[in-house]
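**Q** With the input below, show me the fold.
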Amino acid sequence: MKKLMLPLSEEERCSLRAGEPVLLSGDIYTARDAAHKRLHELIQRGEPLPFDIHDAVIYYVGPTPAKPGQVIGSAGPTTSSRMDPYTPELIGLGMQGMIGKGRRNKEVIDAVRKHKAVYFVTVGGAGALLSECIVDRTEIAFSDLLSEAVTKLTVRDLPCFVGIDCEGNDIYDMQEQ
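**A** Numbers count the residues shown, from 1 in each chain. Sure thing, here's the model as predicted:
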């Protein structure tokens with residue numbers, strides 16, 4: 001399994017192939033539906049985003065509250081397609097990757113290909129196990145969204161598969177062949 005340190009260079013992203021298992025380490029951001037809508041609104045108003053989107057990887061997750069002594073509660077992926085209306089815009093601004101589960105629409109796949117980004121998928125239903133890969137957590141923005149607030153996570157060896165590579169190859173299409 002390939003170990004990757006975030007952020008990834010364009011060369012590293014383009015060396016990945018759909019279906020390839022990887023372990024991600026480094027900083028990522030969390031954002032789900034409501035946070036994506038707010039990011040979009042900030043962009044539309046010409047206001048700065050609460051974090052540097054350039055080279056960022058966003059994990060589509062709404063973690064449960066941490067128990068005493070834990071960094072975070074269960075942190076499994078949510079369905080990525082709910083972020084599809086906002087994703088091409090963020091990729092166009094320099095976001096290099098996303099982590100979630102499920103298929104993406106044609107516009108997201110086209111943006112991934114055009115900007116040489118990558119979509120990682122991880123296993124739904126394994127949130128407690130995935131949370132063990134999160135070693136630090138800092139709230140960044142939209143605290144009123146509670147578990148859906150934007151947070152910065154530091155991850156170590158987060159297991160994923162390349163869902164869509166920078167050439168637009170899709171793991172979900174591979175499964176149908």
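**Q** Show me where this protein has its helices.
**A** 10-15, 33-45, 87-92, 106-115, 127-131, 171-176 (DSSP state H).
**Q** ok, of the ones you listed, where does mean pLDDT dip lowest?
**A** Between the helices of the chain, the one with the least mean pLDDT is helix 171-176; it has a mean of 78.
**Q** pLDDT at the closest residue to residue 80 other than its chain neighbours, what is it?
**A** Nearest in space to residue 80, with sequence neighbours left out and distances taken as C-beta to C-beta, 6 or more residues apart in numbering, is residue 100 at 3.3 Å. Heads up, the C-betas are built off the backbone N, CA and C, glycines and all. Per-residue confidence at residue 100 stands at 97 (pLDDT).
**Q** Enumerate the beta-bridge partners assigned to residue 100.
**A** When assigned by DSSP bridges, residue 100 has beta-bridge partners residue 121.
**Q** Isn't it up against residue 60?
**A** Yes: Residue 100 lies in contact with residue 60 (C-beta atoms under 8 Å); the separation is 3.8 Å.
**Q** Need the residues touching each of the two.
**A** Common contacts of residue 100 and residue 60 (C-beta atoms under 8 Å, 6 or more residues apart in numbering): 77, 78, 79, 80, 83.
**Q** between the residues you listed, which is nearest residue 129?
**A** For the shared contacts of residue 100 and residue 60, the minimum distance to residue 129 (C-beta to C-beta) is 12.0 Å, reached by residue 77.
**Q** Could you double-check that that closest one lies in contact with residue 58?
**A** No: judged on C-beta under 8 Å, residue 77 makes no contact with residue 58 at a distance of 11.1 Å.
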